[in-house]
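Asker: Using only what follows, build the 3D model:
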Amino acid sequence: MQRMIMTVDDSTSMRQMVKATLVSAGYGVVEAADGQEALDYARENPVDLVIADVNMPRMDGITLVRELRTLSGYRLTPLLLLTTESSQDKKFEGKRAGATGWIVKPFNPNQLLATLDRLLSAA
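Answerer: Down below sits the predicted model:
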């Protein structure tokens, strides 16, 4: 069965790059333009993993992670933050919110896929 990944970023071009990487590896992809759109989708639809930017309008990625962790279907779901933010304070804030991992943009497609494979095989 195809694994479904939700990618959340206010940048259309970033979502397209992540989607192209994931689709080429056989993953299904759902896109959201901000954290609120992603949360609304997640409340009705399960996904196997979420990749979210940190800085977005309406709801940022760290708040999204915190909110997803309150949903019973997302308590154990891998939640990755893919962002230009690299400060230790932000990483700690993301971890405290429940993020599984942190990848700094620009991302290496092979590294992203290896991370997903590792997280999804452990899930």
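Asker: for the chain, which spans come out with low pLDDT?
Answerer: In the predicted model of the chain, residues 123 satisfy pLDDT under 70.
Asker: middle-most residue in it, spatially?
Answerer: Centroid check for the chain by CA atoms, centre = their mean gives residue 51 as the closest residue, at 1.3 Å.
Asker: So which other helices or strands are in contact with whichever helix or strand residue 94 is part of?
Answerer: Using DSSP states H and E, residue 94 sits in helix 88-97. Applying 3 or more CB pairs under 8 Å, 6 or more residues apart in numbering; DSSP states H and E, we find helix 88-97 packed against helix 61-68, strand 101-104. C-beta here means a position set from N, CA and C on the backbone, and glycine is covered the same way.
Asker: So for residue 112, which of the ones you listed sits nearest?
Answerer: Nearest to residue 112, of all the helices and strands packed on helix 88-97, is strand 101-104, at 6.4 Å by CB to CB.
Asker: Now do that closest one: everything it contacts.
Answerer: Contact partners of strand 101-104, identified using CB atoms under 8 Å, 6 or more residues apart in numbering, comprise 78, 80-86, 91, 94-95, 111-112, 115, 119.
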